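A.B. asks: Predicted model and sequence follow; I will ask about them next.
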Amino acid sequence: MAFAPILRGLVWGALGFLLGGGGAVLVRLLLGLPAFQPEPLITIGYFPGLLGWLLGVGAWDVWAREWFGLPVRREAVYDWRRYFRFTTDHKVIGVQYLVTFVVLFLLAGFFAMLMRIELMAPGPTIMSAGLYNHIMSMHGIIMIAVAVAAIIGGLGNFAVPLLIGAEDMAFPRINALSYWLIPPVAVLLVSTFFAGGFDSGWTAYPPLSEVNAPGQVLFNLAVITFGFSSILGALNFLATILRLRAPGMTWRRLPIFVWSIFAASFISLTATQFLAAGLLMILLDREAGMTFFNAARGGAPLLYQHIFWFYSHPAVYIMILPAFGLALEILPHFSRKPLYAYPWLVAGFFGIVFLSFIVWAHHLFTSGMPDYLHGPFMATTELISIPTGLVFLSALGTIWMGRLRLKTPMLFALGFLFNFLIGGVTGIFNADVPTDLHLQDTYFVVGHFHFTIMGGMIFALFAGIYYWFPKITGRMYNETLGKLHFWWMFLTFNTTFIPMFWLGLFGMNRRIFDYPPALGSVNRFISISAFLLGSSFVVFVSNMVLSWARGPQAAANPWQARTLEWQVPSPPPVHNFPAPPQVVGHPYDYGFTNSVHALVGVSGGSGEQGVDTDG
Amino acid sequence: MQTVRVHVPYDHTHTRRIGLWLFFISEGFLFLALISSRYYLFGLSRPEELNQALGLLITTILLLSSLTAYRAETSILHGDQGMFLRNTLATILLGSLFLVGVALEWAEAFRFFPPHTRFGTIFFTLTGMHGFHVLSGVVLLVFLYFHGRRGRFGVTNTWPVEGVIKYWHFVDVVWVFIYPTLYLVSS
Amino acid sequence: MGRHYLKAAILWILLTAIGEFLALRIPLFPTAAAEEARIIDSSFILLMILGIPVFTFVLAVLIYTLSTFRSREEAPEDGPPVHGRPAVALLWITITAGLAIYVIFNPGLKGLAELRANQRADLVVRVEGSRWFWKVTYPEYGITAREIVLPVHRRVRFEVTSVDVVHSFWVPAFRVKIDAVPGIVTRVFVTPTQTGTFQEDYHFRLQCAELCGLGHSMMTAPVTVLEQGEFDAWVGKAKP
Amino acid sequence: MDETRKRAQLRLGLWVFIALIILTVVELWIAFAVPRPLLYLVVINLADAWLIMEYFMHLSRMWRAEE
């Protein structure tokens, strides 16, 4: 049966949960404590439950049996059922990630639509303030998860081994593990609806997150699990890029998307632990009666904000660095020109990685932290505009004098540049202490980060999806629908979020259910724009579904691109390359006569032995 | 559906080593977060109630277990099965002894600085998180011991030994930083 | 070749002129009723004047490239093989670094210094947030109120704290914001420069700006700025 | 394999252990004898960590291509 692994995972997960929770009850009874307190039971039962789920869904068969000296069991499945199992093929895992996160993106987008209906007019419209806070928090955390994992987990998994000429990731089973940690995250977040919700936003600032409904516990467990998944993913990417590059794939010949994933993975690997630590401290405060953030007993609420932003500011670069890489990967192929200032760009990426660790407190200018920290953190923050400027130099230098083919991926990449520019310029106003005193926690900030994350990262994600769609599915998407999707989304995106800058200046703070009546007309305009923006995804989804089912067969290299993934058939065979490719030149050397990036399949046949994986 | 052997590519020792070190870097940041919280919440002051003798004792035990772990790894690299098993068993026992020591510490800590005080919060979280790592290390060593008794490791198959013992040393490195953070720092 | 650069530069200058004109003409700010609001607004304006040329530079290159270098062929020939010269990158870095450093010193640190220059206060007002209302006390007069009433042209120090979760003290007309954190007292200085009431202008309100749960959006208090005489009268009336 | 090499390696482990114990005792002494010992403690910790990572965890093998 196709869903047998998932069913077994659920059963083993439930058993693990009962075992863990039951053990906790037993221990509490023995210690003479009140035995049936739901929050500690859920927390303690969750971790064995998670282990049970992972083992049940497939980690037992392909992995854990080894520890007990048993032979591992691997089943070769090549039809659609492989998408529902613990598969180690990086291309399958990439598609699993991508589909999961597009679905989550649409779900969180639906929550945004509900929020905009509520904000159509001042006063209560369709929901209560409590439900609004929960929906708003859900929108935030799911979108953050999408932003962190959709490009790295989805497109990164699919494309990085292909781009560097590898057969798979360095640790294929850890790769599968990091994907199968995601379904529990989604389930936990959705089940907060049945546990009173959580109303502390995705930032979960204590003390609020220590006194609200039990849904907060599910949120914390979900985000800790998600963090674990992204740490494992980052570890895998770093090891893969360090060790599995094809012969001749030197650091100076590495495609820029691979560089961006490499840089972002450093941040994921390290900073994510701070998020896990912060959320764990909240759990300890809530359930073990500890006093990290409880001011009444001597704790420090500001400590959480420091720990949280030590992760969450670098996290925006986990989101945006792969987006830079993706846009800059696409620009040379569609401009038929070399990537401009390539080494400077790579240096810029690492400049961003370095600076991202020393800017976190710019989120705390109004938090009451000591005054002497304001100047240094403002300075480091504004220095980030220097490496980011190199991204723009590279992008503009690449398209200047090129032969631009405005296909859908290229349009999205250019849209990314425009949106991210607005996001970047408005970021200066937030980084500057005097202006931030007014703008902090207003819709100006909401507009700013939607321009960087949605206008930047999500636009790049769509650019990448359209770019690699023929490679992933073996079929071509519909170009007219693709362009329609771009223009629809680009225009309504801008009309939705530009007015928010004005709203912020004129006294609308963020995360509110109600606002001064004078702001009603602008909010109505934003809401209508937002509904149009939401409807643009109908075009996207129908294009994807119809093209995957019935689109024309795609050629191996529909974009005449030079990088390695386009030198194998679409979709790529199970082991990617017939033999390790020989890399002999730069990936983006368009216009140089007789320049070659790589020799693929010189020793064997071309792609004949590839298994047809289109199901 | 037939069961087939699927080739896992490139999964050899050097890559695994890099992966393990990356994992240590990541875990290091977790402990960095917890250790820096100590300074934020409690500054540089040191409670007088700490049992310094016990602290020094369990530190010594853990360092000694690192030595036995090192001897186990060295002996298997030279193919000495008997010495490998003896030293692995010694490491397991010392690790368990360390956990007993932490349990004694906790019993005292409940009296002097329970979890709802500032120092108690720090103390229980740091020793608890480290103790969890020690416990998982002991479990891994037990796996190693039983596989070793069946002669599964030799000069050619040493990665499981190397991996587990590296993890054990890493847990020791973490304690090297936690010990002064909890017991020694003063203003 | 040179022709392209010239045309793009003209486009840039044109777009910059339009942008600066619009930015300076469109009313961008609500009522500024305090000395601090003036400092913050002038920082904002300076950042905008500097930001617009940056924005229009990229925009001009994008527009010009899209309109000039577009190819409608399915498989066009390759463009010129340009890797980029180090001199260009260095020049670019110099310019962006210069801009960044100018911005750090010049509205940033200068504005910050102006806001912090004067630590003296004529009046102390204590504000305490709790879910979901504000308690305002005037220790000098022994007054406790649910609104803020201030005399114009008097420097006020707000001492802000919270009893439960993190709130944030924000008066849009004064442009200042400081979190109300349980366990500590945060301070902010305001010198009102014009009178006004919440009834006439909704920017005269104390609004909680940090998510604090169910009643967060309704956690407001009216702010009134009065002439000194009227303020004295209010104090006399409000005194217990 | 080579018995003398094994002995030399085991002896090295013992010396590292002794060094670690000495450093720990020094740490304890500094903590109670010296005012504001944080900096010294950090330096000793780094030495400890380096000893373990270099001699027990074979850190520098990472940069040696052996396979």
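C.D. replies: Sure thing, it's come through.
A.B. asks: nearest spatial neighbour of A:Thr426, skipping sequence neighbours?
C.D. replies: For A:Thr426, the nearest residue in space outside its immediate sequence neighbours is A:His448; the separation is 4.5 Å by CB to CB, 6 or more residues apart in numbering or on different chains. Backbone N, C-alpha and C define where each C-beta goes, glycine included.
A.B. asks: Report the central residue of chain D.
C.D. replies: Among the residues of chain D, D:Leu51 comes closest to the average C-alpha position under CA atoms, centre = their mean, at 2.4 Å.
A.B. asks: what's that one in contact with, if anything?
C.D. replies: With contacts defined as CB atoms under 8 Å, 6 or more residues apart in numbering or on different chains, the neighbours of D:Leu51 are D:Val16, D:Ala19, D:Leu20, D:Leu23.
A.B. asks: 10 Å instead, please
C.D. replies: With CB atoms under 10 Å, 6 or more residues apart in numbering or on different chains as the criterion, the residues that contact D:Leu51 are B:Ser66, B:Val173, B:Val176, D:Trp15, D:Val16, D:Phe17, D:Ala19, D:Leu20, D:Leu23.
A.B. asks: Quick one, grab the pLDDT at it.
C.D. replies: On pLDDT, D:Leu51 comes in at 95.
A.B. asks: a helix runs through it, doesn't it?
C.D. replies: Yes: residue assignment for D:Leu51, taken from DSSP: H, G, I helix; E, B strand; the rest coil, places it within a helix.
A.B. asks: Check the gap between the residue nearest to A:Thr426 and C:Leu15 for me.
C.D. replies: Distance of A:His448 to C:Leu15, given as CB to CB, to the nearest Å: 22 Å.
A.B. asks: Ok, A:Gly474 next?
C.D. replies: 44 Å.
A.B. asks: One more: B:Leu141?
C.D. replies: Computed as CB to CB, the B:Leu141 to C:Leu15 distance reads 68 Å.
A.B. asks: What sits closest to B:Phe119 if chain neighbours are left out?
C.D. replies: What sits nearest to B:Phe119 in space, not counting adjacent residues and going by CB to CB, 6+ apart, is B:Phe113, at 4.6 Å.
A.B. asks: Just read off the phi/psi values of that neighbour.
C.D. replies: As for B:Phe113, its main-chain torsions (degrees, to the nearest 10) stand at phi -140, psi 80.
A.B. asks: quick one, what contacts the residue nearest to A:Ala341 when sequence neighbours are not counted?
C.D. replies: Using CB to CB, 6+ apart and skipping the chain neighbours, the partner closest in space to A:Ala341 is C:Gly84 (3.9 Å). C:Gly84 makes contact with A:338-345, A:393-394, A:397-398, C:92, according to CB under 10 Å, 6+ apart.
A.B. asks: again, but for A:Pro558
C.D. replies: Residues counted as contacts of A:Pro558 (CB under 10 Å, 6+ apart) are A:Lys407, A:Tyr467, A:Phe469, A:Pro470, A:Lys471, A:Met476, A:Trp566, A:Ser570, C:Glu74, C:Ala75.
A.B. asks: The helix or strand harbouring the second one near chain C at all?
C.D. replies: In other words, A:Tyr467. Secondary structure here is read from DSSP states H and E; on that basis A:Tyr467 sits in helix A:459-473. No: figure legend: helix A:459-473 not in contact with chain C (CB under 10 Å from any CB of the partner chain); closest approach 14.0 Å.
A.B. asks: Near A:Val545, how many other residues are there?
C.D. replies: For A:Val545, the neighbour count with other CB atoms under 10 Å in any protein chain shown is 10.
A.B. asks: just A:Ala147 next, same as before
C.D. replies: Around A:Ala147 sit 27 other residues, with neighbours defined as other CB under 10 Å.
A.B. asks: now the one 3 residues further on
C.D. replies: Around A:Ala150 there are 27 other residues, counting by other CB under 10 Å.
A.B. asks: excluding its backbone neighbours, what's nearest it?
C.D. replies: In space, A:Ala150 is closest to A:Phe101, 4.0 Å off (CB to CB, 6+ apart).
A.B. asks: In terms of helices and strands, where is the one you found?
C.D. replies: Assignment of secondary structure by DSSP H and E places A:Phe101 within helix A:90-118.
A.B. asks: how far off helix A:459-473 does that helix point, in degrees?
C.D. replies: Relative orientation of helix A:90-118 with respect to helix A:459-473: 140 degrees, computed using axes from the mean of the first three to the mean of the last three CA atoms, to 10 degrees.
A.B. asks: Mind checking the pLDDT average for the next helix or strand after helix A:90-118?
C.D. replies: Under the assignment DSSP H and E, the closest C-terminal helix or strand after helix A:90-118 is helix A:129-149. Within the predicted structure, the mean pLDDT of helix A:129-149 is 95.
A.B. asks: related to what we said a few turns ago, between B:Leu141 and C:Leu15, tell me which one has more neighbours.
C.D. replies: A side-by-side neighbour count of B:Leu141 and C:Leu15, using other CB under 10 Å, places B:Leu141 first with 26 against 18.
A.B. asks: quick one, domains of chain C?
C.D. replies: C:2-68+C:87-116, C:123-238 (automatic domain parsing).
A.B. asks: Briefly note if the longest one comes near chain B.
C.D. replies: No: Domain C:123-238 stays clear of chain B (CB under 10 Å from any CB), getting no nearer than 11.6 Å.
A.B. asks: ok, back up a step: who touches the residue nearest to B:Phe119 in this structure?
C.D. replies: Taking CB under 10 Å, 6+ apart as the definition, contacts of B:Phe113 comprise B:Pro47, B:Glu49, B:Leu50, B:Phe119, B:Gly120, B:Thr121, B:Ile122, B:Phe123, B:Phe124.
A.B. asks: Make a ChimeraX selection of the buried ones in these.
C.D. replies: The following ChimeraX command selects only the buried members of the contacts of B:Phe113, with burial defined by 16 or more other CB atoms under 10 Å in any protein chain shown:
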select /B:47,50,119,120,121,122,123,124
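A.B. asks: Can you tell me which of the contacts of B:Phe113 is nearest C:Thr186?
C.D. replies: Distance to C:Thr186 across the contacts of B:Phe113 (CB to CB) is lowest for B:Thr121, with 23.9 Å.
A.B. asks: which non-adjacent residue is nearest the closest one?
C.D. replies: A:Met290 is the one closest to B:Thr121 (CB to CB, 6+ apart), at 4.2 Å.
A.B. asks: One more: A:Ser260?
C.D. replies: Once flanking residues are discounted, A:Ser260 sits nearest to A:Gly325: 2.5 Å by CB to CB, 6+ apart.
A.B. asks: How about the contacts made by the one you found?
C.D. replies: Contacts were defined as CB under 10 Å, 6+ apart; by that measure A:Gly325 touches A:151, A:155-156, A:255-264, A:345, A:349, A:391, A:460, A:464.
A.B. asks: isn't there a helix covering it?
C.D. replies: Yes: using three-state DSSP, the assignment for A:Gly325 is a helix.
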